[in-house]
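Chemist: take this sequence and fold it.
(one chain, ligands or ions: 2)
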Amino acid sequence: MAENRPTPPEVDRVAASRAAVAARRARAHVKAEVASGERTALEVLAAAIADPIGVEGRLRVTELLVSIPAIGVTKMQRIIHRLEISPSKRLGGLGRHQRDRLRDFLSERPALRHSAIDSKLIVLAGPTAVGKGTVAGYIRENYPDVLLSVSATTRAPRPGEIEGVSYFFVSDDEFDGMIRAGELLEWAKVHNAYRYGTPRGPVDDAIAAGNSVLLEIDLQGARAVRRAMPEARLVFLLPPSWEELVRRLIGRGTEDAAEQARRLETAKLELAAQGEFDYRVINHDVGDAAREVVDLMEISAASSMP
Ligand SMILES: Nc1ncnc2c1ncn2[C@@H]1O[C@H](COP(=O)(O)OP(=O)(O)OP(=O)(O)O)[C@@H](O)[C@H]1O
Ligand SMILES: Nc1nc2c(ncn2[C@@H]2O[C@H](COP(=O)(O)O)[C@@H](O)[C@H]2O)c(=O)[nH]1
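Modeler: Ligands and ions are numbered 1, 2, ... in the order given. Next up is the predicted model:
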């Protein structure tokens with residue numbers, strides 16, 4: 001059976017592919033150790049410096065960074081750009097200055113060791129014109145530590161609304177594409193009219209980085225988030241009275257009479273569902289309501305106010 005034996009080049013190829021699999025496993029093991037906190041990224045960097053062609057030395061900088069619980073892909077890309085390190089660089093192949101910059105970065109940021117458990121996801125819902133957008137805007141202006149999710153919508157911009165700040169204004173086809181690509185954490189057709197959805201990426205990144213996130217969405221969206229992320233805290237914003245709600249809707253003047261009537265119909269259903277929420281906040285005064293919502297994230301105003 002000697003003729004069935006692999007010829008020497010084949011033996012080389014088999015051995016090389018086994019070695020590659022073993023090396024990949026070893027690198028995965030190092031990443032798991034960093035992710036679980038068994039080893040710090042600094043310790044891994046030190047091992048790579050001591051042995052540039054060992055397991056740690058073969059690890060890419062990008063792989064090391066995303067193993068750290070507080071760092072998602074977007075944040076990692078920002079970090080390597082700032083440290084002027086190419087995404088293909090392995091730890092063992094870093095130049096002295098790059099190595100020093102990475103070491104300084106890792107040692108100066110103890111907060112990076114915090115896990116996603118520190119983050120808070122707050123969902124702010126409530127009937128039309130209660131002031132959700134106004135309160136969320138106040139939080140964006142005055143509490144910069146809170147990430148305000150920017151939704152995608154198929155409705156047209158209102159005067160003064162800004163693309164990428166108020167919403168991502170997309171066509172029906174683009175919205176379909178986002179759903180198909182799994183880019184939305186939740187989405188709903190609101191007031192039986194247009195579709196609205198929460199882009200998943202920025203929310204995941206913020207939570208992975210230990211930051212707090214606020215979603216200002218409708219009741220259907222709040223229910224969907226509760227199913228997907230049971231740790232989310234659901235806040236229902238209430239008007240001081242029904243009459244005041246109608247006054248705010250009409251006073252805003254952004255909908256015609258038919259749309260106002262449709263929204264008030266939805267509002268009755270939404271008000272009836274307030275018992276499903278973890279907290280209720282009455283929007284008498286915008287600043288007070290915003291503070292109550294932020295307090296639920298346990299972010300101290302002193303550290304958050306500019
Ligand atoms: N505390 C408040 N006191 C008085 N007016 C308010 C208060 N909060 C918001 N408003 C006003 O109420 C109107 C509706 O507010 P806003 O557009 O923020 O509501 P919304 O809940 O986001 O509505 P929708 O769900 O329809 O988008 C706006 O004209 C806003 O200026
Ligand atoms: N389920 C979701 N609802 C959303 C989202 N973004 C906004 N909304 C809600 O839509 C209505 C109407 O908003 P408007 O700006 O047209 O007045 C309001 O209740 C919002 O809270 C979302 O991403 N998902």
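
Chemist: quick one, strands of the stretch 201-306 of the chain?
Modeler: 212-216, 233-238, 279-282 (DSSP state E, counting those that start in this stretch).

Chemist: and for the stretch 51-200 of the chain?
Modeler: Residue ranges of the strands in the stretch 51-200 of the chain, as given by DSSP E, counting those that start in this stretch, are 121-125, 146-148, 152-153, 168-169, 184-190, 194-199.

Chemist: for residue 244, give its distance to residue 82.
Modeler: Here residue 244 is placed at a distance of 48 Å from residue 82 (CB to CB, to the nearest Å). In short, each C-beta sits where N, CA and C put it, glycine included.

Chemist: looking at these two, which one has more neighbours?
Modeler: Between residue 244 and residue 82, residue 244 has the larger neighbour count (other CB atoms under 10 Å), namely 16 against 10.

Chemist: now do the same contact list for residue 150.
Modeler: 164-168, 199, 202 (CB atoms under 8 Å, 6 or more residues apart in numbering).

Chemist: mind redoing it with 7 Å?
Modeler: Shown in contact with residue 150 (CB atoms under 7 Å, 6 or more residues apart in numbering): 164-165, 167-168.

Chemist: can you list the strands of the stretch 51-200 of the chain in TSV and add mean pLDDT, mean neighbour count and distance to residue 219?
Modeler: Compiled in TSV, the strands of the stretch 51-200 of the chain are given as follows (pLDDT from 0 to 100; neighbours: other CB atoms under 10 Å; distance: least, CB to CB, whole Å):
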stretch	mean pLDDT	mean neighbour count	distance to residue 219
strand 121-125	95	24	5
strand 146-148	91	20	19
strand 152-153	98	20	16
strand 168-169	98	16	21
strand 184-190	95	20	8
strand 194-199	96	20	12
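
Chemist: want to throw the ones you listed into JSON lines with distance to residue 215?
Modeler: Listed next are the strands of the stretch 51-200 of the chain as JSON lines, based on distance: least, CB to CB, whole Å:
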{"stretch": "strand 121-125", "distance to residue 215": "5"}
{"stretch": "strand 146-148", "distance to residue 215": "8"}
{"stretch": "strand 152-153", "distance to residue 215": "13"}
{"stretch": "strand 168-169", "distance to residue 215": "14"}
{"stretch": "strand 184-190", "distance to residue 215": "8"}
{"stretch": "strand 194-199", "distance to residue 215": "6"}
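
Chemist: is it possible to get a markdown table of those that adds distance to ligand 1?
Modeler: Shown next, in a markdown table, are these (distance: least, CB to the nearest ligand atom, whole Å):
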| stretch | distance to ligand 1 |
| --- | --- |
| strand 121-125 | 9 |
| strand 146-148 | 13 |
| strand 152-153 | 10 |
| strand 168-169 | 15 |
| strand 184-190 | 8 |
| strand 194-199 | 10 |
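
Chemist: let me know the pLDDT of the closest residue to residue 127 other than its chain neighbours.
Modeler: Residue nearest to residue 127 in three dimensions, not counting chain neighbours: residue 267, with 3.5 Å by CB to CB, 6 or more residues apart in numbering. Predicted confidence (pLDDT) for residue 267: 95.
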